[in-house]
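1. show me how the following folds:
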Amino acid sequence: MELEGRKIAIFNLGGRFYALDDTCPHRGGPLGEGSLDGNLVTCPWHGWQYDVTTGAHARNPDIRIRSYPSKVENGEVFVAV
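-> Presented below is the predicted three-dimensional model:
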């Protein structure tokens, strides 16, 4: 999804939605196309993993992806960018 010129990936964890930048900082892979295992999304290009609830890299929390507040109202997901 694109919002205000930003590519955003939306993840559903048990009915709770999380929004992150869709671009992996390693080589620009599309995180929204990655696999989700628990709260970790794996970049489809090179396997880097991020916690979708925080945006932190799974092995090096100093590496982060920007996360955005999100909420569901009347069945629609809203993301603040």
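2. quick one: contacts for the spatially most central residue of the chain?
-> Residue closest to the average C-alpha location in the chain (CA atoms, centre = their mean): Leu20, at 3.3 Å. Contacts for Leu20 were tallied using CB atoms under 8 Å, 6 or more residues apart in numbering; they are 8-9, 11, 31, 41, 50, 52, 55, 65-68. C-beta: built from backbone N, CA, C; applies to glycine.
3. give me the element it is part of.
-> strand 16-21 (DSSP states H and E).
4. C-terminal to that strand, what's the next element?
-> As assigned by DSSP H and E, the chain's next helix or strand after strand 16-21 is strand 35-37.
5. so which elements touch that following strand?
-> Counting contacts by 3 or more CB pairs under 8 Å, 6 or more residues apart in numbering; DSSP states H and E, strand 35-37 is packed against strand 40-42.
6. at 6 Å what do you get?
-> Helices and strands touching strand 35-37, by 3 or more CB pairs under 6 Å, 6 or more residues apart in numbering; DSSP states H and E: there are none.
7. what is the least confident helix or strand in this structure?
-> strand 2-3 (a mean of 74; mean pLDDT, DSSP states H and E).
8. in the helix or strand following that one, what's buried?
-> Sequence-wise, the next helix or strand downstream of strand 2-3 (DSSP H and E) is strand 6-13. Using 16 or more other CB atoms under 10 Å as the test for burial, strand 6-13 gives 8-11.
9. what pairs with strand 6-13, and is each one parallel or antiparallel?
-> strand 2-3 (antiparallel), strand 16-21 (antiparallel) (DSSP bridges).
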